[in-house]
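Enquirer: The sequence and its predicted three-dimensional model are supplied below.
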Amino acid sequence: MKRIFPMLLCICLLLAACSGKEESIQEPETLPDLPESVWQVEPTLDTTDYAAALSSVFTVAETAQTEFAYDIAEGSATLTAYTGEGAVVRVPALLGGFPVTKIAEGVFQNREQLKVLILPATVTDFGTDFLKNTALTALCTPLLDDANKSFLKSITYLKLLADPSAEGSFVLPAHHLENCTALVALELPEGSELGDFALVNCKKLMYLNADALTKVGEKALEGCSSLQSLKFGTGLIQIGFAALRDCKSLMDLEIPFVGISAAKQTGEPSERTDYLGYLFGAEKPAFAKGFYPAFLKKITLLEGCAELPDFAFYECTSLQTLSLPATLTRIGGRALSGCTALTELILPDACTSIGDAACSGCTALSRVQMPAGISVGQNAFWGCPLEK
């Protein structure tokens, strides 16, 4: 009996010491059991320079102006016929000294040899079926109207041009390129916006100049299952819910902020949108694990980003490399919790705090470089095999 009492006393003291203060970051809600995930094979890294390929495709000699018939009216030209036999055709911006603003009905119809067509940015009016029965695989054009956008289904290389007379951003409308399953590379004008579902199910899309985007709509890139790299620029100000859902091959992501925008959010984590899983369709941070691409290994936060919010990359188990900007001042609570493939974390000199349980459960994290004087939260590195 004398031995039992001291043992009980020690146990009580140990429990009291372990309880300590409670972490300020609450445990996330738990997700009900999910169906067993489908096994995926890691895609082979595609090193093709699609930007250079696009440039090469659309860098061609001028087509002879004698091969075009046109009408002049009210200070502009309407292309009425193409009389050549070329596989690559560039329509000039000026015909008869006037800007080409209209392509008449059926101009290129039944030109089965036509593979590459380059239209000028001045065109604002397209005649019905002007591309019917062609072998077109590459197109440089202003935004097509709804009557002709079905011809985009067979395009492999697409470069869209902004109307030089239009004000405001170039907007790719909702559903405009939906199910364009032949599309491999797309170039948009600087300062573009993607409407909701704009590129949904473009399953072969390998390249998009995402650094030209300022806004990305809800589910805009959903089902773009071949995209391996997306590099948004600092000009991005908003990205919608599930914009990257089912981008299954995504390996490398560059973003200027985490979540829907750079705006600082408050409130319960389950009510917020400033976590990476939001972009992949997870309605709450705790659900994110099942929505991340299985091979998302590298994430880069761009200069200007000030913080990694609470639960930012919660349970992103594929993440191996994280690059943080010099402007980052804070790592939020549980921001990297459960990132079991992350091996190294280098915090910039501007970072002043790392939250409670920020890296808890990062079971491969062996090296952390932190600035002197940084405030480290409770259990920030619980379960991490840090080198001494």
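Expert: Received the coordinates, thanks.
Enquirer: name the element the most centrally placed residue in the chain belongs to?
Expert: Central residue of the chain (C-alpha atoms, centre = their mean): Leu230, 4.9 Å from the mean position. For Leu230, the host element (DSSP states H and E) is strand 229-231.
Enquirer: Partner strands of that strand and their direction?
Expert: strand 252-255 (parallel) (DSSP bridges).
Enquirer: show me the residues around Gly106 that make contact.
Expert: By C-beta atoms under 8 Å, 6 or more residues apart in numbering, the residues touching Gly106 are 127-130, 132. Where C-beta positions appear, they are placed from N, C-alpha and C, glycine not excepted.
Enquirer: re the thing from before, would you mind checking the average pLDDT for the strand holding Leu230?
Expert: Averaging pLDDT along strand 229-231 yields 98.
Enquirer: In three-state terms, label the spatially closest residue to Leu161 that is not a sequence neighbour for me.
Expert: Nearest non-adjacent residue to Leu161, counting by C-beta to C-beta, 6 or more residues apart in numbering: Ala121, 4.0 Å away. Counting by DSSP: H, G, I helix; E, B strand; the rest coil, the backbone at Ala121 sits in coil.
Enquirer: Ala121 and Pro99, how far apart?
Expert: Here the criterion is C-beta to C-beta, to the nearest Å. By it, Ala121 lies 10 Å from Pro99.
Enquirer: Tell me where the stretch 101-250 of the chain is predicted with low confidence.
Expert: Judged by pLDDT under 70, the stretch 101-250 of the chain has no weakly predicted residues.
Enquirer: Which phi and psi values does Ser55 adopt?
Expert: Main-chain torsions, Ser55, degrees, to the nearest 10: phi -60, psi -40.
Enquirer: In terms of pLDDT, where does it sit?
Expert: 93.
Enquirer: What is the neighbour count of it?
Expert: 12 (other C-beta atoms under 10 Å).
Enquirer: ok, it - contacts?
Expert: Ser55 makes contact with no residue, according to C-beta under 8 Å, 6+ apart.
Enquirer: Val216 is in contact with Gly195, isn't it?
Expert: No: applying C-beta atoms under 8 Å as the test, Val216 and Gly195 come out as separate, 9.3 Å apart.
Enquirer: part of a strand, is Leu152?
Expert: No: applying three-state DSSP, one finds Leu152 to be helix, outside a strand.
Enquirer: Measure how far the strand holding Leu230 is from the centre of its chain, please.
Expert: 6 Å (C-alpha atoms, centre = their mean, to the nearest Å).
Enquirer: what are the ranges of the strands in the stretch 51-200 of the chain?
Expert: Listed in chain order, the strands of the stretch 51-200 of the chain (DSSP state E, counting those that start in this stretch) span 68-73, 76-82, 88-90, 94-95, 98-103, 116-118, 125-126, 138-142, 157-161, 170-172, 185-187, 192-194.
Enquirer: Show me what the fourth one is packed up against.
Expert: Just to be clear, that refers to strand 94-95. Counting contacts by 3 or more C-beta pairs under 8 Å, 6 or more residues apart in numbering; DSSP states H and E, strand 94-95 is packed against strand 68-73, strand 76-82.
Enquirer: Now do the buried residues in the first one.
Expert: The reference is to strand 68-73. 68, 70 (16 or more other C-beta atoms under 10 Å).
Enquirer: got the angle between that strand and strand 98-103?
Expert: If you take axes from the mean of the first three to the mean of the last three C-alpha atoms, to 10 degrees, strand 68-73 sits at 100 degrees to strand 98-103.
Enquirer: Now do strand 68-73: which elements does it pack against?
Expert: With contacts taken as 3+ C-beta pairs under 8 Å, 6+ apart, strand 68-73 sits against strand 76-82, strand 94-95.
Enquirer: Out of these, indicate the one that is most buried.
Expert: Of all these, strand 76-82 has the most neighbours on average by mean count of other C-beta atoms under 10 Å, namely a mean of 19.
Enquirer: Neighbouring strands of that strand in the sheet, and parallel or not?
Expert: strand 68-73 (antiparallel), strand 98-103 (parallel).
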